[in-house]
Every structure is written in structure tokens, then in C-alpha cells.
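>>> output the structure for:
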Amino acid sequence: MVNVDPSPPPEWRISAGLIPYTEAVAEMEGRVAAIAAGRTPELIWLLEHPPLYTAGTSARIEELLTPDLLPVYPSGRGGRYTYHGPGQRIAYAMLNLRQRDLGLHAYSQALESWAIAALAKFGVAGERRAGRVGIWVRRDHGREDKIAAIGVRVRHGVAYHGLSINLDPDLKNYRGIVPCGIREDATLGVTSLADLGFKASMRDLDAALMACFEEVFPTTG
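Okay, here's the model as predicted:
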């Protein structure tokens, strides 16, 4: 578990429906500027996107296997290609790293700790892997599947983007890309809480995320 220094509590927002990606990015960038200027508190925004792919700063064009399957959006976050869609909880975290005295590496680890703690609420043992970003679960016959993704961008000392956890998305859509480069190893794949046999609602997952946030990102009041 990675813990960070106490900070004032952030605002929480849970959006219903499917939020277009470009709309979400514009909202985040505006909020990041306001946080950096001290005009608004930090924000944790829980939402879902319509089906789409995003290309991180390390994305390789050859890893976009089916270019016409879904819309593809360039993203300023770190990482490669990933899928977003209904049934996946996105947690966009707009946190002031300067105020929290956090470097990028420590912050990324804290996001991973948050995802691991939330998954543990459902009895899922999420784990880190050296050289592989995100959270992984062990499967049979030595296989490991990714259940949570991490992607971060920092502007004016404020982090945004964040993490995603697969509750029950359409896993077939991952076939249109090499998600986070995992095709390079046939023992790696992608999974979800539903795929693992856990029956949980998005409300349940939100409750877990909210309950575990304070464990990793303590607040002062």
C-alpha cells in the first residue's frame, strides 16, 4: 500500500449515462486549470464512456488491429492503446500533486493501491507486475489477466486522467487493439469482475472506490 500525505477532501462527482470522451477531456482540462489556480477543490469523477479506443503517448499504430471498429481518440495520458466502454468504471482523478508532495511515480503507485484496495472489497486479489502498468489477477494454467488500467497526465502540477476498472464491459472489443501491449505475451489477457464470476453493480464498485480512497489518499477534514 502506498500512502500519501493528508490533504483537504476532494469533490466527488458520479455521472449517469455515457459521457463523450472529448467532453470529458475538456472538462478535466478546465478543472485542472482551476485547481492549479486555487479556485476549486480537487475532483474525483466517476463515469462511463461510449465504446471507444484511446491512444496514449506510447501507442504504436501497428497495435490498432481494427481501425474501423470503434472511434479512436489520441490521449495525452501515458501508456498505449486501451478500450473504454459501458460496464467499465472510469475514475478520473484531478489531484494536486504539488500540494500532496507527490512525484509522478509515487502517484501512479498510489492509484494502483487504490484499485487493489477496491478490488479486495469483492474478494479479488489484484496485483502489480514489474514492467507492466495496471492491476492483474492470476488465472489458471499460469495465465494473468488485466482488470484495471492506469493512465496519468500532469499539467501545472495537477494530475488528471486516472484509472479504469472492468466491471462488466464487452471484452470482445479489446480484440480490436493490442491493449497496453499485452499481445506480446500469449499468457496475458483482459478480464472483468463479471468474467471472474463476481456479481456486482456499478453502485457497488463506486462504493468500494469511495471507501478505499481515504486509505490511500488521506484527507485532513
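
>>> so which residues of this protein form helices?
In the chain, the helices defined using DSSP state H lie at 21-36, 97-100, 104-120, 202-216.

>>> need the contact partners of the third one.
Translated: helix 104-120. Residues from elsewhere that reach helix 104-120 (C-beta atoms under 8 Å, 6 or more residues apart in numbering): 1-4, 91, 93, 95, 97, 100, 102, 125-128, 133-135, 147-148, 150, 152, 154, 159, 162-163, 165, 193, 205, 208-209, 211-213, 215-217. Where you see a C-beta, it was placed from the backbone N, CA and C, and this is true even at glycine.

>>> how about a cut-off of 6 Å?
1-2, 4, 97, 126, 128, 135, 148, 150, 152, 159, 163, 208-209, 212, 215-216 (C-beta atoms under 6 Å, 6 or more residues apart in numbering).

>>> report how many residues lie close to Arg175.
For Arg175, the count of nearby residues is 14 (other C-beta atoms under 10 Å).

>>> no wait, Arg138
Around Arg138 there are 11 residues (other C-beta under 10 Å).

>>> same deal with Ala194?
For Ala194, the neighbour count with other C-beta under 10 Å is 15.

>>> helices and strands of the chain: which one bottoms out on pLDDT?
Least confident helix or strand of the chain, by mean pLDDT, DSSP states H and E, is strand 188-190 with a mean of 89.

>>> before we move on, back to that, which among the contacts of helix 104-120 count as buried?
Among the contacts of helix 104-120, the ones that count as buried by 16 or more other C-beta atoms under 10 Å are 2, 4, 97, 126, 135, 148, 150, 152, 159, 163, 208-209, 212, 216.

>>> and these as a markdown table, adding pLDDT and distance to Asp68?
Rendered in a markdown table, the data for these read as follows (pLDDT from 0 to 100; distance: C-beta to C-beta, whole Å):
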| residue | pLDDT | distance to Asp68 |
| --- | --- | --- |
| Val2 | 51 | 40 |
| Val4 | 52 | 42 |
| Leu97 | 96 | 38 |
| Gly126 | 97 | 33 |
| Ile135 | 96 | 30 |
| Ala148 | 97 | 28 |
| Ile150 | 93 | 28 |
| Val152 | 94 | 29 |
| Ala159 | 97 | 33 |
| Leu163 | 96 | 28 |
| Ala208 | 98 | 36 |
| Leu209 | 98 | 34 |
| Cys212 | 96 | 39 |
| Val216 | 94 | 40 |
